[in-house]
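J.: structure here, sequence nowhere to be found:
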């Protein structure tokens, strides 16, 4: 009887062990995909102090309704006109994607001379549209990202870190089966991000007429003399929002091009490229077969697989006040070659209509931003970091030492050179 009791106890222990270790053992099973642990965008140091943890369900309930239209403070830069012949591109009349050698500036907030000047007289919260879109769409993100926040008196500056991959476009981030990092393969998440960013840059410049230009009153603040004529078509609107309770936001927003509207009025465009990298892996959607007859299904698939990226593009277009959000469908010429691509189709939307289509609620987006601003405003002067947890639906706010990241600029490796090549292609 005693022996039977011990046997049952061992049996219970064994079952408990199986339960406890089941998922790990299951990873070895043939029919289960291994669960990949993603890396954080930045290593959390022991001396960093966690101030706040905000899970996505909580963030999804935040709202800041009634944010009024912004006021333009400064407008600068030069835009080229969209070439409407690209509206006639289709699968039977595809166009090769060209390599356009132009420089793209991705200057962070505190390195922007216009924002530095404005910070003396206008506003108390400062950011770029890319940074705001990342925060506002945080609940759609799966991959880790981080933003540095500096509090000086009653002012907040939102920045990206130096030599970061913050500006690279994610690919299939929200897919049921996102790309796996299996070394330096063609379709690793990082190589796909470099490819998507390269495509996006070249597409946005190829579809323009270089002989027609629209100039704002002020010149592009980032162009040096030696870069004259080599910079991408871009215009910047520095816009001011009153968020209530003495919070005034200044944000640098971007347009990619202009076009003439139906009544010959000037319309501003945000131009982006969706890219097909492997029709077999991308949930079986082959663009060449489906774009002509089932474009809605192709877009629905992109909305599933790239929900965060598309939401961020939409937020950026809304913040800038773009009249049209224009998408290009760009596919690899050959599945095994990530250097040659073809444009298969273009499509355009009004940003607010597209926002409704993808269930993007700007009241919630403003609510998330306002929540983070309010938490940071209560802190002492210093440096902070907000980071998306790489493996949980949550963002964390850390208090970090003032000298954190100061020496990063001296450490550049081949990976960072890859990123620079994309932005100065």
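T.: Ah, there it is. Since we're looking at a predicted model, the values are computed, not measured. Residues are numbered from 1 along each chain as shown.

J.: quick one: contacts of the helix or strand residue 198 falls within?
T.: Take DSSP states H and E as the rule and residue 198 turns out to sit in helix 189-206. Residues outside helix 189-206 that contact it (C-beta atoms under 8 Å, 6 or more residues apart in numbering): 97-100, 102, 104, 143, 165, 167-172, 178-181, 184-185, 232-233, 256-257, 271-273, 275, 277, 328, 330, 338, 341, 343, 415, 418-419, 422-423, 425. The C-beta positions use only the backbone N, C-alpha and C, and glycine is treated the same way.

J.: so among those residues, which ones count as buried?
T.: Neighbour counting over those (16 or more other C-beta atoms under 10 Å) leaves 97, 100, 102, 104, 143, 165, 167-172, 178-179, 232-233, 256-257, 271-273, 275, 277, 328, 330, 338, 341, 343, 419, 422-423, 425 as the buried ones.

J.: could you list everything the residue lying closest to residue 49 once chain neighbours are set aside pairs with in the sheet?
T.: Once flanking residues are discounted, residue 49 sits nearest to residue 399: 4.3 Å by C-beta to C-beta, 6 or more residues apart in numbering. According to DSSP bridges, the residues that bridge with residue 399 are residue 49, residue 384.

J.: tell me which of the buried ones among the contacts of helix 189-206 fall in strands.
T.: 257, 271-273, 275, 328, 330, 338, 341, 343 (DSSP state E).

J.: got the contact list for residue 83?
T.: 207-209.

J.: so it versus residue 208, what's the distance?
T.: 6 Å (C-beta to C-beta, to the nearest Å).

J.: ok, now residue 161?
T.: Distance from residue 161 to residue 208, by C-beta to C-beta: 31 Å.

J.: which of those two has more residues huddled nearby?
T.: The neighbour comparison of residue 161 against residue 208 (other C-beta atoms under 10 Å) goes to residue 208, with 24 against 18.

J.: the residue nearest to the more buried one when sequence neighbours are not counted: neighbour count?
T.: The shortest distance from residue 208 to any non-neighbouring residue, by C-beta to C-beta, 6+ apart, is to residue 80 (4.0 Å). Residue 80 is flanked by 20 other residues according to other C-beta under 10 Å.

J.: now do the helices in the stretch 51-200 of the chain.
T.: Ranges of helices within the stretch 51-200 of the chain are 56-60, 113-118, 129-136, 189-206, based on DSSP state H, counting those that start in this stretch.

J.: export those as JSON lines, with columns for distance to residue 214.
T.: Converted to JSON lines, the helices of the stretch 51-200 of the chain look like this (distance: least, C-beta to C-beta, whole Å):
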{"stretch": "helix 56-60", "distance to residue 214": "38"}
{"stretch": "helix 113-118", "distance to residue 214": "19"}
{"stretch": "helix 129-136", "distance to residue 214": "19"}
{"stretch": "helix 189-206", "distance to residue 214": "15"}
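
J.: and residue 37, which of those is closest to it?
T.: Proximity to residue 37 (C-beta to C-beta) singles out helix 189-206 among the helices of the stretch 51-200 of the chain, at 13.4 Å.

J.: pull the distance from the helix or strand following that closest one to the chain's centre.
T.: Later in the chain than helix 189-206, the nearest helix or strand by DSSP H and E is strand 208-215. Relative to the chain's own centre, strand 208-215 is displaced by 27 Å; criterion: C-alpha atoms, centre = their mean, to the nearest Å.

J.: looking only at pLDDT, what's the mean for strand 208-215?
T.: Averaged across strand 208-215, the pLDDT comes to 92.

J.: show me what that strand is in contact with.
T.: Residues outside strand 208-215 that contact it (C-beta under 8 Å, 6+ apart): 77-83, 233, 235, 257-258, 266.
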